[in-house]
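Colleague: Generate a structure from the sequence data that follows.
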Amino acid sequence: MTLPEPGGTLPGMVEKRRSKRVDVRGLLQVFFWVFGASYGEGKPEDLSRHGIRFKTHRPVDPWTELDLQVIFPESFQPEASFRARARVVRLIPGRRKDDLALGCEFVELSPEADAQVTRFVDWAEAREPRRKA
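Modeller: Residues are numbered from 1 along each chain as shown. Just a heads-up that it's a prediction; the model follows:
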């Protein structure tokens, strides 16, 4: 596994966020698969139209593509979720040895999922502005 540079950026990667992020700790659930095989569950930290960051105990190599299922809270929209393909672009070591945050960029997101994410980001920002990441 390639170690990140300080701040979690992978070697050769330039920081280039394209959209606002909102803090989603405690609001979303995320499940991920690698190469179609069930792999793990994460604790989402932030979300934007272009990606998601979540903590996990499962090691994942940089640049790996993941299939994600993200479940929205009932207070946003009952039984709402979306699926996306995402690439790991940041690895952020946690305090404990087995903690790792993955910064993922969406590489496949349907127009419907994109609209859902946009609505959720706006909803989360309006709901509690101090939660911005």
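
Colleague: quick one, helices of the chain?
Modeller: Under the criterion DSSP state H, the chain contains helices at 111-127.

Colleague: Run me through the strand neighbours of the lowest-mean-pLDDT helix or strand in it, direction for each.
Modeller: Least confident element among the helices and strands of the chain, by mean pLDDT, DSSP states H and E: strand 37-48 (a mean of 91). According to DSSP bridges, strand 37-48 forms sheet pairs with strand 22-23 (antiparallel), strand 29-34 (antiparallel), strand 51-56 (antiparallel).

Colleague: most packed of those?
Modeller: The highest mean neighbour count among these, using mean count of other C-beta atoms under 10 Å, belongs to strand 51-56: a mean of 22. C-betas here are computed from N, CA, C, even on glycine.

Colleague: hang on, the earlier thing: list the buried residues in the least confident helix or strand of the chain.
Modeller: 39, 40, 42, 43, 44, 45, 46, 47, 48 (16 or more other C-beta atoms under 10 Å).
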